[in-house]
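*Asks:* Provide a 3D model corresponding to the input given below.
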Amino acid sequence: MTADCGFPSAPGGLAGLIVSWMLSLIIAGLRRGAPPVEDAPGPGARYSAAEVLPRAIAAWEHCSAFKRPRIPVMFHVLWRMWRWELVLGFLWSGLQGAVPTVIRPLLLKLLIRHTGTQDFIDDGGREAGFFVAALLASLIAEGVAATATRVLFADRFGVGMVTTCTALVYHKTLRSAKPTNERALVASDVVGCFENLRMLCLLPQSLVALTGGVGMVLATIGVSATAGLVIMSAALVASVQVAKLCVRVERLALKAADVRIEHMTRAVEGVRAVKLSAWEPQFLKVIRAARAEQIKYVRRRRSMFMISIQVGRASPVLSGAGSVVMLAVVAPENFTAGNVFAVVSVFNALRLAVTMIPAGTSYLAACSVSARRLEAYLREPESPGAPQAPDDPSVVAQLAGSISRGDFQLSAENLTMPRGAVTAVVGPVGSGKTTDRK
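*Replies:* Below is the predicted model:
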């Protein structure tokens, strides 16, 4: 099966998850130079607009009937359409988070404890070799889980999310009762969510790692872990508060981006009038001002994000040091090499979790803002006589009746626009052709 773009579909199963299919392309590239882009597998026909749009419309009609949901309706739509990618991604991500915070520290603790006993001398180190092999296997398992998580979340679910949201937006554009700038929604919100998704892949892993790591530390040194956990909790609270501020700034940044794109669209679509009237300096000044306003909020959000990141990076080091010092003071009999190495290993592995949970919360909140904006656009009233969704996926739209939008009117008894064909709307200057296209 091939996608609409003509690219071969990516392989399924474990080979598709760990992208082992890339090995043949790399070998071919080393032998004959860079292979043609057509040889790279595409997402597959399942992710094409023709396949996604009918399912997306049905999912939206079902989920939009919810009354004031706490979770954005678009999240429900995406879950309904791509739940298996999300479920498998959560499972692989959970394995990726459990290995460095539970499995590996436990194996390390057992290995150190075993090397200090008489059994290590008696068996010639055979049991220690088993622990070393298990540690190497955990490294391989973590790498496979990391790759599978990226493929399922960022690649498969990400492509499905972009196709679903974009198809719904342009489907609504044909039926909207008022002119809208759908390009801003696609460029700012849909693409922005896809970019955030690459970092959100780390959030499930971080939650599992934090839960498993805290349990591992408590099981290893008991009450002595409270010092480190208090320091870590304070850092998490501070980072979450910074993330809430990032959400407010994100809303302002998206609004500023809408204004900038609107000015640029007007300049591009009216380029002849701009050239004829020599309005280039005026438009350039307006666009620069809009861009500066957007950059102001982007810079502010980035600064807050970096503060959260640095707090998360410092927290595990301070937490580990506090727990080890308290262990030496409160329970010196448990102050052994195995316990110390296990605790330090856990807190070191928690560095990513403590950093990514507040950052992931910020990214998730930004996606929620964009989802609410898309939902508000999809709920706008439709024009009377709007084109109906065709049953045939090879047809873009069908119209039986008329469309009336301001001064623009389009009437047809039975108009069908096939996919891939060029359909033109002609009329006098100023009749509203461009306005209707928006």
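
*Asks:* C-alpha only now, for contacts and for neighbours.
*Replies:* Fine.

*Asks:* Is there a neighbour count for Met216? I'd like the number.
*Replies:* Close neighbours of Met216, defined as other CA atoms under 10 Å, add up to 21.

*Asks:* Which pLDDT does the model give Arg55?
*Replies:* Here, the pLDDT recorded for Arg55 equals 90.

*Asks:* tell me which element it is part of?
*Replies:* Taking DSSP states H and E as the criterion, the element that holds Arg55 is helix 49-63.

*Asks:* So which elements touch the next helix or strand after that helix?
*Replies:* Later in the chain than helix 49-63, the nearest helix or strand by DSSP H and E is helix 73-98. With contacts taken as 3 or more CA pairs under 8 Å, 6 or more residues apart in numbering; DSSP states H and E, helix 73-98 sits against helix 49-63, helix 126-150, helix 158-173, helix 202-221, helix 337-378.

*Asks:* May I see the buried residues of the second one?
*Replies:* Under the neighbour-count criterion of 16 or more other CA atoms under 10 Å, helix 126-150 has 128, 131, 134-135, 138-139, 142, 144-150 buried.

*Asks:* Quick one: mean pLDDT for stretch 281-296?
*Replies:* Stretch 281-296 shows a mean pLDDT of 89.

*Asks:* now stretch 76-95
*Replies:* When pLDDT is averaged along stretch 76-95, the result is 90.

*Asks:* which other residues reach that stretch?
*Replies:* Applying CA atoms under 8 Å, 6 or more residues apart in numbering, the set of residues contacting stretch 76-95 from outside is 55-56, 59-60, 63, 142, 145-146, 148-149, 152-153, 156-157, 160-161, 164, 201-202, 204-205, 208-209.

*Asks:* Just the buried ones among these, please.
*Replies:* Buried members of the contacts of stretch 76-95, counted by 16+ other CA under 10 Å: 55-56, 59-60, 63, 142, 145-146, 148-149, 152-153, 156-157, 160-161, 164, 201-202, 204-205, 208-209.

*Asks:* Compare the helices and strands packed on helix 73-98 and report which one is nearest to Cys246.
*Replies:* Cys246 sits nearest to helix 337-378 of all the helices and strands packed on helix 73-98, at 6.4 Å, using CA to CA.

*Asks:* chain center to that closest one: distance?
*Replies:* Counting by CA atoms, centre = their mean, to the nearest Å, helix 337-378 is centred 12 Å from the centre of its parent chain.

*Asks:* now stretch 113-132
*Replies:* That offset, for stretch 113-132, works out to 45 Å (CA atoms, centre = their mean).

*Asks:* Figure out the length between the terminal residues of that stretch.
*Replies:* 13 Å (CA to CA, to the nearest Å).

*Asks:* now stretch 99-118: mean pLDDT?
*Replies:* For stretch 99-118, the mean per-residue pLDDT is 82.

*Asks:* Kindly report the same for stretch 219-226.
*Replies:* Average pLDDT, stretch 219-226: 82.

*Asks:* so where's the longest helix in the chain?
*Replies:* Secondary structure of the chain per DSSP state H: the longest helix is helix 280-330.

*Asks:* what packs against it?
*Replies:* Contacts defined by 3+ CA pairs under 8 Å, 6+ apart place helix 280-330 against helix 226-269, helix 337-378.
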